[in-house]
Structures are given as C-alpha cells and as structure tokens.
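Visitor: sequence first, predicted coordinates after that:
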Amino acid sequence: MGFSDVAATKQKAEAGDPQAQLSLADMMSHNFKKAEALGWYRKAAQQGLTEAKSRLGEKLLFGDTGIPSSQSVKANPSEGIRWTFDAATNRDAKAFSNMSKAMQNGIGVSTNLIEAYAWLQLYSESDTIVGRVWLNQLALRLDTQSLQEAQALAAQFKAGQWPALSPRKLAEGD
C-alpha cells in the first residue's frame, strides 16, 4: 500500500473495515505513532483479525517507543499474553515467536522453557533460519528429557491441541 492510499485507508478504517484498520495501524506504527496504532490494532483484533491480534499482543507484551513520548505504548503483559495466545492458537507465526519469548522470560505468564521450546519449534517451521538459530540456542538450555517433552508438546500444538492459558500461569507471570 503506497502513501497515496492513506486517505482511502483511513476512511475505510473509520467505516469499520478490519483490514484497513490493520493497514492504518501499521502506517501509524511505522511513523512512531505507537499509541494511535494500538487503538487501530485493537479495533481490528476485536473483529477477529488474527494478524491484528498478534501485533496488538506484541505491543502490549513488550511495550513500544513512540515519538513524541506520549505516543509510546506501556507494556501490559497480562493483556498482551491473552492477545498473543489467541493469535498463536490461530497459527500466526510471529505470535508463536512471542509466546516463546514470553515463556522464556516470564512476561505475562510463568517461565516455562519446555513450552517456550514447543512454541519456538512451530515458529522455526515458518522462519527457518532465524527460528532455527533461536531454537538451537534454547535447546542448549534444556536437558534431553525436557527436549523430548518439548518436541512432543510441539507435535500436539501442530495438531491443534493447544495448552490452556490458565489463570495460574497468568498470575505467576504478572
């Protein structure tokens, strides 16, 4: 989408088109208007757009710096993990990666390296070079039994058997 499309995109977004809302959010984000972008990501996500859920979740998990500082997004890990999990269980590759980062670092959830590895294994299937590097780095932190558990868990995820995002996981991560 080129710069000449901004006015039309904004009109469509304001009329409720979720794809236009996502596009407008991306344009705002690329122009450091992160707080405004967050609102548009939220609107598109609430209409069920998986890619918007993933981007909203990422902004809320990790925060994002805007210009001026009033355009920055403060991290809200408990909300961010919910949107990210929703996107991941709808097979969004970036959400797979962000679920792994959250699980590795206890952001919005309790730390769980086995589950982090499983999410990362799914991500590595979509981004083979970067994903494989990150997967190998995480593998060095796990023992053989844990790796086997993680690989079995990844197979379950791949088959659509997702873990529950339990209140306990959320409470421990906050």
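Guide: Happy to help now that I have it. Numbers count the residues shown, from 1 in each chain.

Visitor: what's the longest helix in the chain?
Guide: When the chain is scanned for its longest helix (criterion: DSSP state H), the result is helix 144-158.

Visitor: list the buried residues for that helix?
Guide: For helix 144-158, the neighbour count (16 or more other C-beta atoms under 10 Å) marks L147, E149, A150, L153, A154, F157 as buried. The way it works is simple: take the backbone N, C-alpha and C, and place the C-beta from them, glycine included.

Visitor: for these, which one is nearest Y41?
Guide: Set against Y41, the nearest of the buried residues of helix 144-158 by C-beta to C-beta is F157 (24.4 Å).

Visitor: from G66, how far out is the closest one?
Guide: According to C-beta to C-beta, to the nearest Å, F157 stands 34 Å off from G66.

Visitor: also F85?
Guide: F85 is 25 Å from G66, where distance means C-beta to C-beta.

Visitor: higher neighbour count, these two?
Guide: Between F85 and G66, F85 has the larger neighbour count (other C-beta atoms under 10 Å), namely 25 against 20.

Visitor: surely the more buried one forms part of a strand?
Guide: No. When DSSP: H, G, I helix; E, B strand; the rest coil is applied, F85 is found to be helix, with no strand at that position.

Visitor: test my guess that it contacts M99.
Guide: Yes. Contact criterion C-beta atoms under 8 Å: F85 and M99 qualify, at 6.6 Å.

Visitor: give the contact list for the residue nearest to the spatial centre of the chain.
Guide: Residue closest to the mean C-alpha point of the chain, counted by C-alpha atoms, centre = their mean, is A95 at 3.5 Å. The contact partners of A95, by C-beta atoms under 8 Å, 6 or more residues apart in numbering, come to K53, S54, G57, E58, T84, F85, A87, A88.
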